[in-house]
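**Student:** Quick one, structure for this:
(chains A and B)
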2 protein chains.
Amino acid sequence: MAPAFDRTAVAERTRVVVTSLPALEWITDNRVARLSQDFNWFSPVLKRQLGHQRADAVARPRTEAEICAVVAACAREGVPITVRGSGTGNYGQCVPLHGGVILDLSAYNRLLWVKPGVGRAQAGIRLGDMDRQMRDERQELRCVPSTWRSATLGGLFGGGFGGLGSINYGPLAARGNVLGVRAISVEPEPQAIELRAPEAMLLHHVYGCNGIVLELEVGLAPAHPWLEAVVSFDAFEPALAFADALAAAPGVVKKGVTLLAQPIPDLLLKAVPVLGGALQPASHAVLVLVAEGAEDALQQLVAMHGGRITLRRCAAEVAKTQRTITEYTWNHTTLHAIKADKSLTYTQCAFQSGRHTQQAAQLRAHFGDEVHTHLEWIRNLEGALTCSALQLIRYSSDERLNEIQQTYRDHGVSIANPHAFIVEDGKQGRINPDVVAMKQRLDPLGLLNPGKLRGWAVREQLAQPGHAQPELVTLPRF
Amino acid sequence: MAPAFDRTAVAERTRVVVTSLPALEWITDNRVARLSQDFNWFSPVLKRQLGHQRADAVARPRTEAEICAVVAACAREGVPITVRGSGTGNYGQCVPLHGGVILDLSAYNRLLWVKPGVGRAQAGIRLGDMDRQMRDERQELRCVPSTWRSATLGGLFGGGFGGLGSINYGPLAARGNVLGVRAISVEPEPQAIELRAPEAMLLHHVYGCNGIVLELEVGLAPAHPWLEAVVSFDAFEPALAFADALAAAPGVVKKGVTLLAQPIPDLLLKAVPVLGGALQPASHAVLVLVAEGAEDALQQLVAMHGGRITLRRCAAEVAKTQRTITEYTWNHTTLHAIKADKSLTYTQCAFQSGRHTQQAAQLRAHFGDEVHTHLEWIRNLEGALTCSALQLIRYSSDERLNEIQQTYRDHGVSIANPHAFIVEDGKQGRINPDVVAMKQRLDPLGLLNPGKLRGWAVREQLAQPGHAQPELVTLPRF
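**Tutor:** Here you go, the predicted structure:
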């Protein structure tokens, strides 16, 4: 796979890098362990593979000059670089497999400019900070994970998918959501380039393996005042029908529709008692964000489907209290559920648009108590409404976990496997030669997050004209 | 159908009404003929049936008190009332069949208030004026016809469908687009009531037959700076594929996608020579409005499908020149095409989402030169992307026109028949008992736009519990 790195030599060369740049903010104490990890512990598989991995030092640069200085030094010394935002990823994206330097970009975080519908910022900006700074412009990010408070824009681009707002704009990968990036190469004299979409998207969701993204230019959404509500149902079917109808309704402006079927609300009540009332024991919960002007329409749909509004918070209340139900959706659901029941893990599914509610209901019946249904409505890359799922799974063994995921595939549901830390393994093993060619261009020495990109190991084969899709290679175990 | 009105008696009683209210603005001269008509002449069928119809007088009230005074006087005298906005409808909605008074609401036109996502205005406000007054709030109407410059909000509600913007919000009838209306009854002492959605929607597209709408509260959209472009193609198939891909792309913010297949661009060039360059002889044209921030994405899609951008106007240019391609879409296309070729008429189709491009291509091949393809992309009531069509038809006879429309239906395409002036006849003849009950409530004397609502003739039958869908009755010929 990656060139073998001698751990002792890497540690020694990292010390040389650190020493050579005394003006930078370096972390070399026991905080390095925490800064080498993310939320990969959601997966018992990844936790076993990655939990012990750590870097030798963390750099926290504040300017492009400082970033280039670290990168140049690492290139000269042959030290692996793993780029990190806030470490809210779930796939071990920012866990270094061969030590070296963590390039923590969280202090490189300025909002550069905002125009109608487009904004540009440095990679380390927190999503919530960016939204806050654009509030007077009445604009906001189009799709954000539930970790928006701490997650960075660069991290979302480098290892994320989308989230709240994807019900309108699809995943971050959909054309128009990212307009361009400024990236630098890993070389003794780093080169900066501006890449525009679609070329810029070759760096998306590649875990920082094929270039260091410094700035991002992204499409923005109008910032509506969002009303947050929880709608509770006694039975699963009407909850599913309500959520799908609300998600589809073209005249009802919304940002998120989440269905937490039983026993998930009960698990959340255990982990977060303050949710009492909003979530009701033995009830299924639909968490929704709609524009305040859509409240009448929401109430009509709730009544039509026999639901009960068990929480209602207007935008001003959310802003004032800083309490938001968005932090119980997407992978925050996973986080809180695992807190309540340590035997749980999860997987990520993409249903087929048009068959999505049927597939969700069928698979819920199929697995019974072994898989808990958590659905998030989105538009897919083609703009069709569907729901994706972050199903909670009672873990028993790796084999059973794979078997469950395979059953989903057998039902025509795609799986984005969150128990793999290799870029391609989360994506059905497909190698993208253009992604590898970009790494050849921006990381010719193979120092960026080594061991995460399967295509890099077979890059010579990929460079042949008319090459076939390469065989999957066996990875070293860590 | 309607109670028989003696034309001479109606004329006489109208004179009594006019004389009794000398302080009002009345029109009784030869302008009454024009104010009794709309664009029903797009249809040779309607032109023959309605072209000679006129009212006896037109009232142009400025206040609710003035409106109530006219209505009360008409109720006392038994004079028919036909409500009118700007007369931009195509179905003879505001053409009186039994004389009487035209209630022209175009001077009752104040914007009442605007909140984020919701606005309220008097029925006679012009759509373009409302948008202009909301510009500082960066909000605009969600879906407007191509006649937005002159058409009124009340007219859109009373006899319209949607239009530009329906690609995002669906038709005006979709839940959430209209929140409520204030209406008055036709009685010697008119009663005002506030109706909220969904009940308010019983007055939508009923041609002012079952209540007089004075104010409307509607959902608003964020006002993006819209870039206008024409993309030209040598062949139909790539134009169709491009338009569909652009319409579907979830990350590309847009307001309208229109496909004018040959020979429509050639017809428009003949009628509107200033379009030279933007429209190209023998080319198929896709007219698009996208957010300025989406220009990169637009260019990518154009290149992928082998199109040429033959017109590009940024929002500032459109605002400055007041020239906009929106006035060559929807039924403005029909208007200009008929100018160039008097033998043309049209029909309105709703394709099945998912099969829409296939159906459009098949029917284009089926009819050859007899039907010209004009497609408008929208979301339907359920939120699914589809295209509707305002196909231009070479008129030969009523029988052939019906035959063509039947062929569309046989292919699974719905027709909203624009050659019928009866509410139900444009909607597959279906009578809605709730619409009729609303007329019983707000127009117990049957004075509103008599002869347009089929269900009114069978209201006693409808009032029976458990009644069946009534038989269609034969209408009097005018």
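
**Student:** Scan the helices and strands of chain A for the one with the lowest mean pLDDT.
**Tutor:** Ranked by mean pLDDT, DSSP states H and E, the weakest helix or strand in chain A is helix A:459-463, scoring a mean of 85.

**Student:** Could you list the buried residues of that helix?
**Tutor:** Neighbour counts using 16 or more other CB atoms under 10 Å in any protein chain shown place A:459, A:461, A:462 of helix A:459-463 among the buried residues. For every residue, glycine as well, the C-beta is placed using N, CA and C.

**Student:** doesn't residue A:440 make contact with the first one?
**Tutor:** If I follow you right, that is residue A:459. Yes: counting by CB atoms under 8 Å, residue A:440 is a contact partner of residue A:459 at 6.3 Å.

**Student:** Name the SS class of residue A:444, please.
**Tutor:** Here residue A:444 is recorded as coil under DSSP: H, G, I helix; E, B strand; the rest coil.

**Student:** any idea how far it is from residue A:419?
**Tutor:** 31 Å (CB to CB, to the nearest Å).

**Student:** What's the local residue count around residue A:63?
**Tutor:** Number of residues near residue A:63 (other CB atoms under 10 Å in any protein chain shown) recorded here: 12.

**Student:** Leaving out chain neighbours, which residue sits closest to it?
**Tutor:** Among residues not flanking residue A:63 along the chain, residue A:108 sits closest, at 7.3 Å (CB to CB, 6 or more residues apart in numbering or on different chains).

**Student:** The one you found touches residue A:59, doesn't it?
**Tutor:** No: counting by CB under 8 Å, residue A:108 stays clear of residue A:59, with 10.8 Å between them.

**Student:** okay, the two: which has more neighbours?
**Tutor:** Set residue A:108 next to residue A:59 and count neighbours by other CB under 10 Å: residue A:59 wins out with 28 against 24.

**Student:** Strands along the stretch 151-300 of chain A, start to end?
**Tutor:** Listed in chain order, the strands of the stretch 151-300 of chain A (DSSP state E, counting those that start in this stretch) span A:178-184, A:192-196, A:212-222, A:226-233, A:254-260, A:284-291.

**Student:** okay if I get these as a markdown table plus mean pLDDT and mean neighbour count?
**Tutor:** What follows is these, written out as a markdown table (pLDDT from 0 to 100; neighbours: other CB atoms under 10 Å in any protein chain shown):
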| stretch | mean pLDDT | mean neighbour count |
| --- | --- | --- |
| strand A:178-184 | 98 | 23 |
| strand A:192-196 | 98 | 14 |
| strand A:212-222 | 98 | 24 |
| strand A:226-233 | 98 | 24 |
| strand A:254-260 | 98 | 26 |
| strand A:284-291 | 98 | 26 |
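
**Student:** Which of the ones you listed sits closest to chain B?
**Tutor:** strand A:212-222 (3.5 Å; CB to the nearest CB).

**Student:** got the angle for the closest one vs strand A:254-260?
**Tutor:** 100 degrees (axes from the mean of the first three to the mean of the last three CA atoms, to 10 degrees).

**Student:** So strand A:212-222, near chain B or not?
**Tutor:** Yes: counting by CB under 8 Å from any CB of the partner chain, chain B is contacted by strand A:212-222 at A:219, A:220, A:222.

**Student:** and residue A:4, how many neighbours?
**Tutor:** Here the number of neighbours of residue A:4 (other CB under 10 Å) works out to 9.

**Student:** how near is it to residue A:97?
**Tutor:** 11 Å.

**Student:** what do these two both touch?
**Tutor:** Counting by CB atoms under 8 Å, 6 or more residues apart in numbering or on different chains, residue A:4 and residue A:97 have no shared contacts at all.

**Student:** Flag every residue of the stretch 1-150 of chain A that's near chain B.
**Tutor:** Residues of the stretch 1-150 of chain A lying near chain B (CB under 8 Å from any CB): A:115, A:116, A:117, A:118, A:138, A:142.

**Student:** The stretch 351-478 of chain A now?
**Tutor:** Residues of the stretch 351-478 of chain A found near chain B (CB under 8 Å from any CB) are A:354, A:379, A:380, A:381, A:382, A:383, A:384, A:385.

**Student:** any idea whether residue A:10 is helix, strand or coil?
**Tutor:** Three-state call for residue A:10 (three-state DSSP): helix.

**Student:** which ones are touching it?
**Tutor:** Neighbouring residues of residue A:10 by CB under 8 Å, 6+ apart: A:56, A:79, A:80, A:98, A:99, A:100.

**Student:** Could I get the phi/psi values of the fifth one?
**Tutor:** The reference is to residue A:99. Note on residue A:99: its backbone torsions stand at phi 70, psi -150 [degrees, to the nearest 10].

**Student:** is it true that it touches residue A:52?
**Tutor:** No: judged on CB under 8 Å, residue A:99 makes no contact with residue A:52 at a distance of 11.7 Å.

**Student:** Can you report phi and psi for the residue nearest to residue A:28 when sequence neighbours are not counted?
**Tutor:** Sequence neighbours aside, residue A:57 is the residue nearest to residue A:28 in space, at 4.9 Å (criterion: CB to CB, 6+ apart). With angles defined as degrees, to the nearest 10, residue A:57 sits at phi -160, psi 160.

**Student:** where's residue A:57 relative to residue B:396, distance?
**Tutor:** Per CB to CB, residue A:57 is found 83 Å from residue B:396.

**Student:** out of the two, which sits in the more crowded spot?
**Tutor:** Neighbours were counted for residue A:57 and for residue B:396 using other CB under 10 Å; residue A:57 has more, 21 against 13.
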